[in-house]
Each structure stands twice: as structure tokens, then as C-alpha cells.
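>>> Here is a sequence together with a model predicted from it:
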Amino acid sequence: MPKRIRKAVLPVAGLGTRFLPATKTVPKEMLTVVDRPILQHVVDEAMAAGIEHFVFVTGRNKAVIEDHFDNAYELEDTLRRRGKTKELQALLDELPDPGACSFTRQQAPLGLGHAIWCAREIVGDEPFAVLLPDMVTMAGTAKTRCLAQCVEAYGKHGGNIIAVEEVAPEETHQYGVVSVGKDFGRDFEITSMIEKPPKGTAPSNLIISGRYVLQPEIFAILENVEKGAGGEIQLTDGMKGLAASQAFHGVRFDGRTYDCGSKIGFLTANLAFALERPELAEALRAEARKLGL
Ligand code: G1P
């Protein structure tokens with residue numbers, strides 16, 4: 001029986017330069033998809049996968065993230081006095097348990113691999129999940145979201161798990177890409193991986209979608225990994241090192257991801273999530289028609 005996945009690392013130190021000026025004072029993870037910050041959608045997904053402890057790797061100007069996962073005393077008191085019980089209850093219900101969030105700072109933007117390494121003391125010696133908040137996922141027909149499907153695959157294979165999805169071959173150079181070995185249909189053995197392969201050289205069109213289950217041995221490897229693509233310490237390079245001694249499986253998860261690191265992905269996520277809401281869907285369709293969509 002593999003060890004249970006209790007902790008998740010969420011790297012949230014990125015500067016959000018693609019969303020300036022919106023991200024001048026507001027962290028990009030706090031931009032909203034409908035009425036929830038991107039980060040809250042991702043924490044929802046982690047909670048649904050059984051995660052009990054959230055490790056946020058933050059940076060300067062990100063203090064509002066810490067506040068978001070805490071009581072907002074004045075607001076709650078005002079809602080209480082005004083009898084807005086439903087709104088108040090909704091806020092209280094989704095508050096993580098006391099002590100369930102840890103925050104550590106990356107200090108310098110040295111790359112995703114470095115951000116994950118910054119969580120080593122808090123994670124300790126147990127397998128853990130990683131969720132990249134740029135990627136917002138929506139459940140498919142399976143009704144479970146991406147990380148829950150990764151945890152399920154981990155229950156079956158143990159070792160390390162990476163969620164993957166297909167993209168058009170001309171998009172692979174923007175992502176980490178994996179190669180498929182023994183194939184079980186939905187999951188498969190990963191035989192190699194590469195971060196941001198130059199155009200036309202990707203070994204497949206299966207990209208790393210931002211959800212992982214990793215063994216703690218990754219930390220010692222990340223400590224020594226050389227700078228890779230973009231001059232940054234890459235998580236993919238660390239995983240490549242770990243793959244020399246441990247199994248990695250890919251999961252073609254059921255569902256969709258919206259890359260909220262890009263404007264089109266962010267805008268599409270807003271439409272897709274709004275269309276899932278009965279009280280918004282009809283009115284939004286009507287407005288979209290007026291826009292000629
Ligand atoms: C990161 C990972 C990459 C992955 C991508 C998903 O890249 O390094 O392997 O495919 O997230 O969004 P980044 O988006 O930080 O460049």
C-alpha cells in the first residue's frame with residue numbers, strides 16, 4: 001500500500017508579467033475565474049483529492065494570499081450583523097482547518113524546480129502532490145478532477161505520477177513533454193521527459209499539465225540540478241534525475257485544463273466555468289450572441 005498523499009505544494013511566487021498591469025498589486029493567482037480566485041479553484045481541486053495540508057511557496061507582494069485563507073474578522077462580523085448568513089456560511093465552510101496552510105518564500109525567481117525545493121522542510125519525508133495554479137482544471141465525465149485521478153493512479157502504481165494531456169504538435173515547445181513506454185490505456189509508463197523542447201523535436205504531443213505526485217527523494221535531486229530551459233532550475237529536469245531510480249507514470253486524465261497563465265486560457269476558463277453555473281449560463285449565452293459569438 002503506497003503512503004497516503006496528505007500534503008500539496010502550490011508554487012505561487014511567479015510575477016505574472018503576462019497580466020500587467022492587473023498583476024502590479026494583485027497576485028496573478030488571485031485573479032478571478034467567475035467569482036473565485038484562480039488559486040481557490042486549485043485548492044478546491046486539492047481538497048477534493050484528499051489533501052490536508054497546503055504548502056504555498058510565495059514571494060514578495062503575495063501576502064494577500066495568506067489573508068485569503070484566513071478568517072476575515074471584520075467582513076464576517078459585518079455579514080453576521082446584516083443577517084447575510086448564507087454568504088457568511090459559504091466563507092466559513094471553505095476555510096482550511098487551522099494549521100492546514102504553510103507559507104514559505106522562494107526569495108528569488110530561480111524556476112519551478114527551485115520553488116518546489118523551497119518546500120522541502122515543510123513536506124519532509126513523505127510523498128506529496130504539486131499543483132501549478134496557472135492550470136485550472138475542470139472535471140470531465142468521470143466527475144473527479146485531475147489531482148484525484150493522479151492520486152488514484154498513484155494508488156495503483158505507487159512511485160511518481162504526472163498528469164498529461166494532448167496538445168497540437170505546434171504547441172509542445174511551450175511545455176514539458178513526456179514519452180510513452182508500456183501503455184495501459186489511461187495510464188502509461190513514462191520513459192523520458194523534456195522541458196520546452198525546441199520546435200519540431202518533441203518526443204510526443206503529451207504535455208505535462210501541472211499536477212504531479214512526487215516522492216520526497218526529488219528534493220535532494222533538485223538541490224543539485226543545473227539550470228535548464230530558460231536559464232531556470234526546472235522541475236522536469238529534477239524528475240528526469242529521479243526517473244533513473246524510480247518509476248514515473250503518466251495519466252491521460254479525464255477533463256480539461258485551462259492555462260490561465262495565458263490570456264486566452266484565462267478568458268476561456270471564465271466562460272467555461274460561468275457556463276457551468278445555472279444562474280449565469282443563460283444570461284451569458286444571450287450576451288455572447290449580442291457580441292456575435
Ligand atoms: C511548467 C512546467 C511544464 C508544464 C507547464 C504546465 O512550465 O515546467 O513542464 O508543462 O508548467 O503549465 P511553465 O508554465 O512554468 O513555463
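Okay, I see it. Residues are numbered from 1 along each chain as shown.

>>> The residue nearest to residue 128 when sequence neighbours are not counted bridge partners, please.
Leaving aside its sequence neighbours, residue 128 sits nearest to residue 7 (Cβ to Cβ, 6 or more residues apart in numbering; 4.5 Å). For glycine as for every other residue, the C-beta is placed from the backbone atoms N, C-alpha and C. Residue 7 has these beta-bridge partners by DSSP bridges: residue 53.

>>> isn't residue 7 right next to residue 49, touching?
No: with contact defined as Cβ atoms under 8 Å, residue 7 does not reach residue 49; the gap is 11.5 Å.

>>> excluding its backbone neighbours, what's nearest residue 37?
Closest to residue 37 by Cβ to Cβ, 6+ apart is residue 30, at 4.5 Å.

>>> Next, work out how far apart the one you found and residue 184 are.
Distance of residue 30 to residue 184, given as Cβ to Cβ, to the nearest Å: 39 Å.

>>> More neighbours: which of these two?
Between residue 30 and residue 184, counted using other Cβ atoms under 10 Å, residue 30 has the larger neighbour count: 20 against 13.

>>> Next, give phi and psi for the residue nearest to residue 37.
In terms of degrees, to the nearest 10, the main-chain angles of residue 30 are phi -100, psi 0.

>>> Return the residues in contact with it.
Taking Cβ atoms under 8 Å, 6 or more residues apart in numbering, we find residue 30 in contact with 37-39, 64-65, 68.

>>> which among the residues you listed end up buried?
37-39, 65, 68 (16 or more other Cβ atoms under 10 Å).

>>> contacts with the ligand among those, please.
The subset of the buried ones among the contacts of residue 30 within reach of the ligand, by Cβ under 6 Å from any ligand atom, is empty.

>>> Return the member of these nearest to the ligand.
Using Cβ to the nearest ligand atom, residue 38 is the member of those that lies nearest the ligand, at 12.7 Å.

>>> which ones are touching that closest one?
Counted by Cβ under 8 Å, 6+ apart, residue 38 has contacts 28-32, 133-134, 136, 260, 269.

>>> And residue 87, by the same measure?
Contact partners of residue 87, counting by Cβ under 8 Å, 6+ apart, are residue 79.

>>> what's the helix or strand for it?
Following DSSP states H and E, one finds residue 87 within helix 85-93.

>>> any idea of the mean pLDDT for that helix?
For helix 85-93, mean pLDDT rounds to 95.

>>> And for stretch 115-132?
The average of the pLDDT scores along stretch 115-132 is 98.

>>> Can you give me the end-to-end span of that stretch?
Stretch 115-132 has its terminal residues 11 Å apart, counting by Cα to Cα, to the nearest Å.

>>> How far away from the center of its chain is that stretch?
Distance of stretch 115-132 from its chain centroid, counting by Cα atoms, centre = their mean, to the nearest Å, is 13 Å.

>>> quick one: the closest residue to residue 114 other than its chain neighbours from the ligand, how far?
Computed as Cβ to Cβ, 6+ apart, the closest residue to residue 114 that is not its neighbour in sequence is residue 233, at 4.2 Å. As for residue 233, its distance to the ligand is 10 Å (criterion: Cβ to the nearest ligand atom, to the nearest Å).

>>> hang on, residue 233 packs against residue 221?
No: using Cβ under 8 Å, residue 233 makes no contact with residue 221, being 10.9 Å away.

>>> if you count what's nearby, which of these two comes out ahead?
residue 233 (22 against 19).

>>> Can you tell me the SS state at residue 138?
What DSSP: H, G, I helix; E, B strand; the rest coil gives for residue 138 is strand.

>>> doesn't residue 272 make contact with it?
Yes: counting by Cβ under 8 Å, residue 138 touches residue 272, with 6.3 Å between them.

>>> number of nearby residues for the residue of the stretch 151-293 of the chain at minimum distance from the ligand?
Closest residue of the stretch 151-293 of the chain to the ligand, Cβ to the nearest ligand atom: residue 176 (2.4 Å). When neighbours are counted by other Cβ under 10 Å, residue 176 registers 26.

>>> which residues sit in contact with it?
Going by Cβ under 8 Å, 6+ apart, the list of residues near residue 176 reads 193-196, 207-208, 234-236.

>>> so what's residue 45 closest to, chain neighbours aside?
Distances taken as Cβ to Cβ, 6+ apart put residue 145 closest to residue 45, at 4.5 Å, once the chain neighbours are dropped.

>>> Likewise for residue 106?
residue 13 is the one closest to residue 106 (Cβ to Cβ, 6+ apart), at 4.1 Å.

>>> Fine by me, thanks again.
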